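Asker: Sequence and predicted structure are below.
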Amino acid sequence: MFGTLKHLAKTFRAPAAPDRELIYITVAADRYDLDARARHMARLSRVRAFGY
């Protein structure tokens, strides 16, 4: 019974932050878009780490 519940919980779990970031970076259309997305992710990580 608990195995089924654990499997169900894994099915509906949201992707982890690194997975979301990887998906966000890989859908870039060109190198300029990739650069902008990389800078955006760097800004977000700084905000998450330091709170500003």
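Answerer: Cool, got the structure. Numbering: from 1, shown residues only.
Asker: What values do phi and psi take at the residue positioned nearest the centre of the chain?
Answerer: By Cα atoms, centre = their mean, the chain has its centre lying nearest to Arg20, at 1.9 Å. Arg20 adopts backbone torsions of phi -60, psi -40, taken as degrees, to the nearest 10.
Asker: Could you check how far it is from Met1?
Answerer: Distance from Arg20 to Met1, counting by Cβ to Cβ, to the nearest Å: 31 Å. Where you see a C-beta, it was placed from the backbone N, CA and C, and this is true even at glycine.
Asker: got any ranges where the protein has weak pLDDT?
Answerer: Scanning the chain for pLDDT under 70 picks out the ranges 52.
Asker: which SS state does Ala14 fall under?
Answerer: Ala14 falls in the coil class when you classify it by DSSP: H, G, I helix; E, B strand; the rest coil.
Asker: gap between it and Thr26?
Answerer: 18 Å.
Asker: Helices of this protein, residue ranges please.
Answerer: With DSSP state H as the criterion, the chain has helices at 2-12, 17-26, 31-50.
Asker: Outside of the shortest one itself, which residues are in contact with it?
Answerer: Under the criterion Cβ atoms under 8 Å, 6 or more residues apart in numbering, residues Pro15, Leu34, Arg37, Ala38, Met41 lie in contact with helix 17-26.
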